[in-house]
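Colleague: quick one: sequence plus predicted model below, questions after.
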Amino acid sequence: QVPLVESGGGSVQPGGSLILACAADKSIDCISWFRQAPGKEREPVALIALITGRTLYANSVKGRFTISRDNAKNELYLQMNNLNPEDTAMYYCAAPSPCLLKSEYVDIWGQGTQVNVSS
């Protein structure tokens, strides 16, 4: 079983919305989202601790993106609203340990799902 599997990427116009999903192995207790645009470094987006529900967001997405979980399904979601072209990137679901929003703490990466925002 693959530990993390993303889905839900696609193309949307500026101002639109997308929701990404991440199916996680039940042994994982912290999920983060990262993204990487062409020619840029991978950057953190959001994090959720699955037991406490604690969330954390990068300043660039705060107020527009919402991370949530469905523990019964072992699924995590990233609701992305008011998207703009700067949000265009490959989005990765990740399992960090400890539960911090930094790539150096990520043990497991998903395969990624592409998000394109353009008119």
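Modeller: Alright, I've got the coordinates.
Colleague: going forward, measure contacts between C-alpha atoms and count neighbours the same way
Modeller: OK.
Colleague: can you map out the strands along this structure?
Modeller: Remark: strands assigned in the chain by DSSP state E are 4-7, 10-12, 18-24, 30-36, 43-49, 55-57, 65-70, 75-80, 89-96, 106-109, 113-117.
Colleague: what helices and strands are in contact with the third one?
Modeller: Contacts of strand 18-24 with other secondary structure elements, assessed using 3 or more C-alpha pairs under 8 Å, 6 or more residues apart in numbering; DSSP states H and E, are made with strand 4-7, strand 75-80.
Colleague: paired strands for the first one, with orientation please.
Modeller: Within its sheet, strand 4-7 is paired with strand 18-24 (antiparallel), according to DSSP bridges.
Colleague: so for the partner strand, what's the average pLDDT?
Modeller: Average pLDDT, strand 18-24: 96.
Colleague: ok, residues contacting that strand?
Modeller: Here strand 18-24 makes contact (C-alpha atoms under 8 Å, 6 or more residues apart in numbering) with 3-10, 12, 74-81, 93.
Colleague: show me just the buried residues among the residues you listed.
Modeller: Buried residues within the contacts of strand 18-24, counting neighbours by 16 or more other C-alpha atoms under 10 Å: 3-7, 9, 12, 74-78, 80-81, 93.
Colleague: separation between residue 101 and residue 58?
Modeller: When distance is defined by C-alpha to C-alpha, to the nearest Å, residue 101 is 9 Å away from residue 58.
Colleague: any shared contact partners between these two?
Modeller: By C-alpha under 8 Å, 6+ apart, the residues touching both residue 101 and residue 58 are 44-46.
Colleague: bridging across strands, which residues link to the residue most central in space within the chain?
Modeller: Centrality entry for the chain: nearest residue to the mean C-alpha point is residue 33, 2.8 Å, by C-alpha atoms, centre = their mean. Applying DSSP bridges to residue 33 yields these beta-bridge partners: residue 46, residue 93.
Colleague: which residues touch it?
Modeller: 44-47, 91-94.
Colleague: okay then, goodbye and thanks.
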